[in-house]
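1. Provide a 3D model corresponding to the input given below.
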Amino acid sequence: MFYKLVGRTLPGWFPYNSLHLMQPMYTRKKNEQIAKQLGQFSLYSTADPAPPPRPVVVTKNSVLRKVLADQITFLVPIGKALEALFPGKRNFSNYMLAGDAAVNTTQRNIVGDILYGSKDLKPVLSGFLSKYGAECLSTESLNMAKGLDQIDIIRE
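-> Take a look at the predicted model:
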């Protein structure tokens with residue numbers, strides 16, 4: 001379980017399939033030797049740890065729409081991980097959420113149209129959630145001072 005401690009302490013520093021993260025108490029050479037003896041060396045990455053990329057916060061709707069529409073620069077992030085789970089056995093890019101091709105966009109749009117096909121559904125659902133959420137917040141809030149309320153979100 002030590003690998004979980006290291007992975008959670010340094011999130012994003014190691015590839016998900018890092019050989020060195022799986023056996024952090026062995027040297028690089030010994031890790032590789034053990035993995036080769038077990039015939040599982042090809043399943044692991046021997047890449048050195050590196051700082052994770054800094055997240056970019058998008059705050060404008062127009063920029064978000066451009067990012068989501070650009071399927072060449074911004075790929076579906078789950079694609080590589082799915083391919084690595086079953087290397088050479090299955091092509092997950094054919095599945096709706098895992099691909100970046102035009103056919104995947106068409107599939108996502110079809111599902112979106114089915115789920116949100118009713119023009120009335122979005123406003124009704126949004127209105128309900130806004131009203132219910134506001135009621136819950138006002139019922140459960142503790143007024144500390146003017147303009148300062150507190151709510152215990154983990155109580156129940």
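
2. Asn109: neighbour count?
-> 11 (other Cβ atoms under 10 Å). Backbone N, C-alpha and C define where each C-beta goes, glycine included.

3. where does this protein have low pLDDT?
-> For the chain, the stretches flagged by pLDDT under 70 are 92-98, 156.

4. Which segments of it make up each domain?
-> 2-43, 61-115, 121-150 (automatic domain parsing).

5. Let me know the secondary structure of Tyr132.
-> Per DSSP: H, G, I helix; E, B strand; the rest coil, the local secondary structure of Tyr132 is helix.

6. tally of neighbours for it?
-> Residues near Tyr132, counting by other Cβ under 10 Å: 10.

7. Roughly how far does it sit from Leu142?
-> 20 Å (Cβ to Cβ, to the nearest Å).

8. I'd like the distance from the host helix or strand of Gly127 to the chain centre, please.
-> Here Gly127, judged by DSSP states H and E, is contained in helix 121-140. Offset of helix 121-140 from its chain centre (Cα atoms, centre = their mean, to the nearest Å): 27 Å.
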